[in-house]
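Undergrad: pasting the sequence and the predicted coordinates here, then a few questions.
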Amino acid sequence: MRLFNKILAAVDNSEASEYVKSWAEGFATFMNSNVDYITVFPNIPDIYMPVVGWNKELEENLNEAKRRLFSITTEKFKKDGFNIHELEGRPDDTIIKFSEDHNYPLIIVGFKGEGKSRVPVGSTALNVARESKTNVLLINGRFRKPERIGLAEDLEHNNRSSLLMAFALSKSLGAKLFRVHVVDQHFIKNAPDYLTSELKFELQLELSKSVPGVDVEPVILEGDPSFELSYWAIKKEIDIMIFPGSNNRLGLVVEEFLMQAPTNVLICRGL
């Protein structure tokens with residue numbers, strides 16, 4: 001199944017780029033996708049220039065740093081026959097604009113660390129995930145064939161695309177799909193027990209629905225959504241957690257999940 005006809009993988013000379021490369025090429029193998037790489041040399045903020053003005057030594061140092069970055073990334077990625085686009089600018093804006101201009105259905109970006117430090121506010125990965133209009137996969141380790149995929153379900157009609165994405169991805173990879181819903185805390189606190197039981201029964205039926213070739217397990221949780229989803233994903237060793245995303249917004253649950261769980265995350269914005 002050709003879920004993503006082409007993939008844009010954002011790389012630099014960091015260790016995380018090796019992870020990005022392994023995921024881009026791993027996905028390409030299973031989904032018959034084409035992979036392009038992009039590396040961005042960051043510009044000096046314009047607000048500094050009125051203060052320091054033009055400086056020959058600074059210019060020479062920047063040119064040398066850019067040459068070194070492009071040389072390293074070319075050696076790492078172009079030698080295997082892949083295209084690598086070497087650009088300058090603000091990394092997150094440049095990656096997003098390039099992906100939109102060339103209609104990439106998936107961007108893969110890497111991030112490092114665990115816990116509260118893994119996706120610092122303002123990082124390129126987080127900004128790309130927030131601002132992009134396309135699907136974004138955030139990864140933090142080397143590729144291994146995903147066997148367990150989680151889908152965070154809020155059961156709203158406008159998130160149907162994330163369900164279709166989850167089915168297609170699970171089928172392409174031969175992975176088990178967990179459809180997960182966290183019951184609203186206010187409902188649990190105020191509803192009589194019989195209504196809570198009835199709701200969970202109906203949710204179980206809805207979340208059990210699948211398509212041929214996909215093994216689905218329904219999961220119903222209670223409590224704080226970001227904490228419960230993070231704890232559950234870690235406990236179940238989920239390989240990819242899928243969240244529905246809207247343009248220019250991730251939402252508090254997704255951002256808190258990213259801060260808490262060392263799980264690869266796919267922000268779905270449509271097929």
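TA: Here it is on my side, so go on. Everything numeric in this text was worked out from a predicted model, so none of it was measured. Numbering: from 1, shown residues only.
Undergrad: please enumerate the strands of the stretch 51-200 of the chain.
TA: 83-89, 106-110, 135-139, 148-152, 176-183 (DSSP state E, counting those that start in this stretch).
Undergrad: adding mean pLDDT, distance to Asp46 and mean neighbour count, write those out as JSON lines.
TA: All C-beta spots, glycine's among them, are computed from the backbone N, C-alpha and C. Below are the strands of the stretch 51-200 of the chain laid out as JSON lines (pLDDT from 0 to 100; distance: least, CB to CB, whole Å; neighbours: other CB atoms under 10 Å):
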{"stretch": "strand 83-89", "mean pLDDT": "93", "distance to Asp46": "11", "mean neighbour count": "14"}
{"stretch": "strand 106-110", "mean pLDDT": "95", "distance to Asp46": "24", "mean neighbour count": "26"}
{"stretch": "strand 135-139", "mean pLDDT": "95", "distance to Asp46": "27", "mean neighbour count": "25"}
{"stretch": "strand 148-152", "mean pLDDT": "97", "distance to Asp46": "39", "mean neighbour count": "24"}
{"stretch": "strand 176-183", "mean pLDDT": "96", "distance to Asp46": "43", "mean neighbour count": "22"}
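Undergrad: right, so of those strands, which gets closest to Val211?
TA: strand 176-183 (9.7 Å; CB to CB).
Undergrad: circling back to that earlier point, now render the strands of the stretch 51-200 of the chain as JSON lines, adding distance to Gly251.
TA: Shown next, in JSON lines, are the strands of the stretch 51-200 of the chain (distance: least, CB to CB, whole Å):
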{"stretch": "strand 83-89", "distance to Gly251": "27"}
{"stretch": "strand 106-110", "distance to Gly251": "18"}
{"stretch": "strand 135-139", "distance to Gly251": "14"}
{"stretch": "strand 148-152", "distance to Gly251": "10"}
{"stretch": "strand 176-183", "distance to Gly251": "13"}
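Undergrad: of those, which is nearest Ala166?
TA: Going by CB to CB, the one of the strands of the stretch 51-200 of the chain nearest Ala166 is strand 148-152, 4.2 Å.
Undergrad: what's that closest one packed up against?
TA: The contact analysis (3 or more CB pairs under 8 Å, 6 or more residues apart in numbering; DSSP states H and E) places strand 148-152 against helix 160-173, strand 176-183, helix 225-235, strand 240-244.
Undergrad: how far out from the middle of the chain is the last one?
TA: Put simply, strand 240-244 sits 8 Å off its chain's centre (CA atoms, centre = their mean, to the nearest Å).
Undergrad: can you give me the angle it makes with strand 148-152?
TA: 20 degrees (axes from the mean of the first three to the mean of the last three CA atoms, to 10 degrees).
Undergrad: what does strand 240-244 contact?
TA: Contacts to strand 240-244, defined as CB atoms under 8 Å, 6 or more residues apart in numbering, come from residues 137, 146, 149-152, 154, 158-159, 161-162, 165-166, 169, 229, 233, 250-251, 253-254, 257, 261, 263-268.
Undergrad: let's see it at 7 Å
TA: When contacts are defined by CB atoms under 7 Å, 6 or more residues apart in numbering, strand 240-244 is touched by residues 146, 149-152, 159, 162, 165-166, 233, 254, 263-268.
Undergrad: tell me the helix or strand right after it.
TA: Tracing the chain past strand 240-244, the next element assigned as helix or strand by DSSP states H and E is helix 252-260.
Undergrad: that following helix packs against which elements?
TA: Counting contacts by 3 or more CB pairs under 7 Å, 6 or more residues apart in numbering; DSSP states H and E, helix 252-260 packs against helix 225-235.
Undergrad: may I see the buried residues of the helix it packs on?
TA: Of the residues in helix 225-235, 225-230, 232-233 count as buried by neighbour count, 16 or more other CB atoms under 10 Å.
Undergrad: same question, stretch 160-172
TA: So, applying 16+ other CB under 10 Å, buried residues of stretch 160-172: 162-163, 165-172.
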